[in-house]
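**Student:** Need the 3D shape of this:
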Amino acid sequence: MSGRTTAARWLKFNAVGGIGMLVQLGTLAALTNGLRVNYLLATALAVEAAVIHNFLWHERFTWADRVHISAHESVIRFLKFTLTTGLFSILGNVALMWLFAGMIGLPYVAANLITMVICSTANFLVSDWFVFRRLETRVYYGVLGRLL
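**Tutor:** Next comes the predicted model:
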């Protein structure tokens with residue numbers, strides 16, 4: 001992949017992620033302020049809302065040149081996305097929210113913004129290398145390889 005293609009994809013990734021941040025922050029605010037949900041549970045739910053949003057846009061926008069849209073392949077990619085970037089985001093966000101909001105005492109929204117920035121670079125790399133890589137570059141190792 002050329003540097004220009006990587007840069008364009010990085011910009012698309014961040015555009016989608018920026019909107020995903022708004023989804024996450026809006027969900028967090030609605031759950032904590034409106035529904036009085038515990039901030040850690042609200043963080044996990046808000047992250048999952050952003051994960052779903054981001055996956056849909058990444059598949060159809062950020063990595064549209066790499067993927068074949070089919071129900072079967074989309075489900076597999078969604079599972080991979082959720083199990084990698086989604087799980088990392090949820091665990092990373094909850095742990096970092098505990099650190100920044102719970103231990104350091106930052107306001108929830110400020111702590112959440114810092115947390116999202118920390119997790120985003122790792123998510124791009126995992127998505128680019130594993131979730132949305134071209135089919136023809138996959139190496140299959142038995143049954144497990146066919147699932148991935």
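**Student:** for the helix ranked longest in the chain, which positions count as buried?
**Tutor:** Across the chain, the longest stretch assigned as helix under DSSP state H is helix 3-29. Judged by neighbour count (16 or more other CB atoms under 10 Å), helix 3-29 contains these buried residues: R9, K12, F13, V16, G17, G20, M21, V23, Q24, L25, T27, L28. (C-beta placed from N, C-alpha, C; glycine too.)
**Student:** Low-confidence regions, the protein specifically.
**Tutor:** Applying pLDDT under 70 to the chain flags the ranges 1, 135-148.
**Student:** That one: strands as residue ranges?
**Tutor:** With strands called from DSSP state E, the chain shows none.
**Student:** can you give me the helices in it?
**Tutor:** For the chain, the helices defined by DSSP H cover 3-29, 39-57, 71-81, 87-97, 108-126, 142-147.
**Student:** Looking at these, spot the one closest to W63.
**Tutor:** With CB to CB as the criterion, W63 lies closest to helix 3-29 of the helices of the chain, at 7.2 Å.
**Student:** Return the list of helices and strands in contact with that closest one.
**Tutor:** helix 39-57, helix 108-126 (3 or more CB pairs under 8 Å, 6 or more residues apart in numbering; DSSP states H and E).
**Student:** tell me the angle of that helix relative to helix 87-97?
**Tutor:** If you take axes from the mean of the first three to the mean of the last three CA atoms, to 10 degrees, helix 3-29 sits at 60 degrees to helix 87-97.
**Student:** Next, the angle helix 108-126 makes with helix 3-29.
**Tutor:** Orientation check (the same axes, to 10 degrees): helix 3-29 against helix 108-126 gives 150 degrees.
**Student:** Check the offset of helix 3-29 from the chain's centre.
**Tutor:** On the basis of CA atoms, centre = their mean, to the nearest Å, helix 3-29 sits 9 Å off its chain's mean C-alpha point.
**Student:** What of stretch 35-42?
**Tutor:** 20 Å.
**Student:** Now do the buried residues in that stretch.
**Tutor:** For stretch 35-42, burial by neighbour count (16+ other CB under 10 Å) applies to V37, Y39, L40, A42.
**Student:** And those, which is closest to C119?
**Tutor:** For the buried residues of stretch 35-42, the closest approach to C119 (CB to CB) belongs to L40, at 15.8 Å.
**Student:** Quick check: closest non-adjacent residue to the closest one.
**Tutor:** Distances taken as CB to CB, 6 or more residues apart in numbering place V94 nearest to L40, at 5.7 Å, with adjacent residues excluded.
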